[in-house]
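In: okay, sequence plus prediction incoming.
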Amino acid sequence: MSRTTNTWRRKATGLTAGMAVAAMALTACSGGDSGGDAAETTTTVSQADIDEAMTTPTKLTFWTWVPDIENQVQLFMDEYPAIEVEVVNVGQGADHYKKLRSALQAGKGAPDVAQLEFQHVQSFALGDNLLDLTPYIPADTGEDYVDWVWQQVQSTDGSKVWSIPQDAGPLGQLYREDILTAHGIEVPTTWDDFAVAAKTLHEADPNVYLTNMPGNDMGQFAGMLWQAGARPFGWDGDQEVTIDVTSDEATKVAQYWQDLIQADLVSVDPDFTDGWYQGLANGKYASWAPAAAWGPVFLQGTAANTSGLWRAANVPQWDASGDPVSANWGGSSDAVLASSENPIAAAQLALWINHDPVSTLKFANEQFLFPTTTDTLANPEFTDLEPEFYGGQQVNKLFAEISETVPQDFGWLPFMDYAYSAGQETVGKAIADKGDIVAALQAWQDDLVSYAEQQGFTVK
Amino acid sequence: MTSVETRLPAGRAPAATAPPRRRGPSPMRRRENAAAYILITPFVVVFALLIVVPIIYSGYLSLYREQLVGGNTFVGLENYSRALSDSSFLSGVGRMAVFLVIQVPIMLGLALLFALLLDAGVLYLGKFIRLGIFIPYAVPSVIAALMWGYLYGTDFGPAAQIAERLGISAPPFLSQDWMLFSIMNIVTWSFIGYNMIILYAALRSIPSELFDAAAVDGAGRIRTAVSIKIPAIRPALILTAIFSVIGTFQLFTEPNLLRSLAPNVIGTDYTPNMYAYNLAFINRDSNYAAAIAFILGVVIMIVSYTVQLSTQRKERAAR
């Protein structure tokens, strides 16, 4: 973490005082309307435009499913009394995206600002639905965010900023210290150790599995590919997509889990279902691995009766000798829709609530969203928390360190909802059926290529 | 108007005088017609807006292909030919055909049995039982699916817990092999009452002379049911059968909700309706989804018509 709290404060003051930084970074003004045209017409916005927009009575609509986000929005409205923000929750995840797409297709009813998970940012950027935020935010905004996180919200060539990061999910592992200790098992630091531990544990107690590998969570699976060095997806921002889910690295991941699953050393229950919650609470799973940085708090709610028994550790490594490598699972951001009639105010909202130190710390400590700004990640008010559930371990500090070990260059397809759905029906099904996961990778690949071609993309 | 016709001189061909009189309806008839048109206008408007226009629009959509890259192009019937060789769609239709053949006879058979028992008055607490059988229909299908999903649960559901007490393992209700039957069970549970009420109402409207005649002939309760009651309510039976055919092919809520419990057993193409939905909202291919919906409509029409024709033919043969 290179940035200090001092630079943060300096910057924050500058920002809240009226985006003075923006004035330096940006040049001439021209209205504030962005047609979202494919032809690269970069509209620039001056500080005067921003000042004017932020003092003109404006009503913004903000679609998000983050609970109690009204608190952050209220801080924003206190800062800019002329702006009134209506927060609307149209459903979480898939429901939210369906409604958003319908509104975009209908050409009306879309909000000004909308929450987008990282993997869906490019999907919405396709078709010029998102406003390029570059002219609306200080040029060095990206420096305040973790590098790999910032990468997630940019266009593939890095020339545009599609959204402002809100939360992230670096991978670690959560484990039951009592169960591992009872069987004399060390916390596995490599995937090889993990496999041995899985065998030892399950043989010692057939009712317990070291972890559960769900067949319905392509987000977690993508995180595993990311950690193993696979780069299965890519998009050039135009017509060319990269699809490579059968690479050596991906095959290594598939083979690894296939071996464990077929030997019945890990369970294959679908996650985020009642049975799975039950499994976490009653000790059927001795760990949740890999788990994301939002996992610790999530687990506290799910398995409250096991408080004090859990601990967190780095995600097991493929290569024991090198620097630790993690990856990401989940995380979201706030984007401005190109159709917004108030792009300046909307962009300021998206930036402010995810950039202001008070607001971001609130996200971290009240809504338990894992932070994306380097300063909140270094803020002792966040890192020094010692939750009893983890026996007083400073879980946030650990995950903040893990966050620095996430490789940057992981891209997405502009149709991840299809990619995940097809992945679940091939790879996921093979996992659930304890079948041939490696062969399923090929089926997934074929599926993705034929879909991409059907949709007019060129596949690289 | 009738008085005019009755005054026609005998022996004169009515055809000669009739045409001029038929030029227009009488003022009275005209007023009646106007009232009829006004009364059916709201129906026609709603029908046009909510049924006809969407059908025409989806028919129009189904002739195009909109790609994520490359825009919208007219492709004629290409979406239809694609559907006819689409294993996802065909397997969904096949699955629903199995469902139809097994579930509908069971459901309608039970509904008929209960209706006959209630009608014959052989049940104690008849009103209470009637309400009890009907109540599941009043439970929204979303709630029903969630509730049964809980009952089916492999770790925590009551079936699993009872089985565990007894030291045996509960049937894997949510597994690949059992899922279709588990869904059949939910649908049957939900709709027996609904069909029973239709059949029961039809039974109540059978003229009582028929029973008197049967009694005179010495027919017992079972004989009366088989020879008089069931034939008399044949139109109601056909109606419930056609509703069930349509309902089967439209199956969506139950599998869609159980999907969250068994995501790898129920795929996005489990039923044709789910497939169309996922094509539109996950695959972002609303044109193809429209074509699938259209073909599904045609399949439903054909199957419903077959049901109707075959029962009518049986009826004719019976006479």
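Out: Everything's here; your move. Numbers count the residues shown, from 1 in each chain, chains lettered A, B, ... in the order given.
In: from now on I want contacts and neighbour counts done on CA atoms only, so please keep to that.
Out: Fine.
In: what's the burial count for the residue lying closest to residue B:151 once chain neighbours are set aside?
Out: With Cα to Cα, 6 or more residues apart in numbering or on different chains as the criterion, residue B:151 has its nearest non-adjacent residue at 4.7 Å, and that residue is residue B:157. By other Cα atoms under 10 Å in any protein chain shown, 17 other residues sit near residue B:157.
In: same thing with residue B:66?
Out: Applying other Cα under 10 Å, we find 20 residues neighbouring residue B:66.
In: who's in contact with it?
Out: A:455, B:72-73, B:285, B:287 (Cα atoms under 8 Å, 6 or more residues apart in numbering or on different chains).
In: distance of it from residue B:276?
Out: Residue B:66 sits 16 Å away from residue B:276, going by Cα to Cα, to the nearest Å.
In: next to chain B, which bits of the stretch 251-400 of chain A? Give me the list.
Out: A:270, A:273-275, A:278 (Cα under 8 Å from any Cα of the partner chain).
In: who wins for most neighbours among the residues you listed?
Out: In terms of neighbours by other Cα under 10 Å, these top out with residue A:270 at 23 neighbours.
In: can you read off the pLDDT for it?
Out: Residue A:270 is assigned a pLDDT of 93 by the prediction.
In: correct me, but it touches residue B:265?
Out: No. Under the criterion of Cα atoms under 8 Å, residue A:270 makes no contact with residue B:265, lying 10.5 Å away.
In: out of the contacts of residue B:66, flag the one nearest to residue A:97.
Out: When the contacts of residue B:66 are compared for distance to residue A:97 (Cα to Cα), residue B:285 wins out at 15.0 Å.
In: element containing the residue lying closest to the closest one once chain neighbours are set aside?
Out: Spatial nearest neighbour of residue B:285, excluding adjacent residues (Cα to Cα, 6+ apart): residue B:279 at 5.5 Å. Taking DSSP states H and E as the definition, one finds residue B:279 inside helix B:272-281.
In: could you say what helices and strands that helix packs with?
Out: helix B:87-120, helix B:286-318 (3 or more Cα pairs under 8 Å, 6 or more residues apart in numbering or on different chains; DSSP states H and E).
In: was I right about the residue nearest to residue B:151 contacting residue B:147?
Out: No. Using Cα under 8 Å, residue B:157 makes no contact with residue B:147, being 10.1 Å away.
In: so what does the residue of chain B found nearest chain A look like in phi/psi?
Out: Of all residues in chain B, residue B:67 sits closest to chain A, at 4.5 Å by Cα to the nearest Cα. Residue B:67 adopts backbone torsions of phi -100, psi 150, taken as degrees, to the nearest 10.
In: tell me the pLDDT at it?
Out: 91.
In: can you report how many residues neighbour it?
Out: For residue B:67, the count of nearby residues is 18 (other Cα under 10 Å).
In: what residue is smack in the middle of chain B?
Out: In chain B, the residue lying closest to the centroid (Cα atoms, centre = their mean) is residue B:243, at 1.8 Å.
In: in three-state terms, label it for me.
Out: What DSSP: H, G, I helix; E, B strand; the rest coil gives for residue B:243 is helix.
In: so where's chain B shaky on pLDDT?
Out: Along chain B, segments meeting pLDDT under 70 span B:1-24, B:314-319.
In: first-to-last residue distance for stretch A:285-303?
Out: In stretch A:285-303, first residue to last residue: 11 Å (Cα to Cα).
In: what of stretch B:42-62?
Out: 29 Å.
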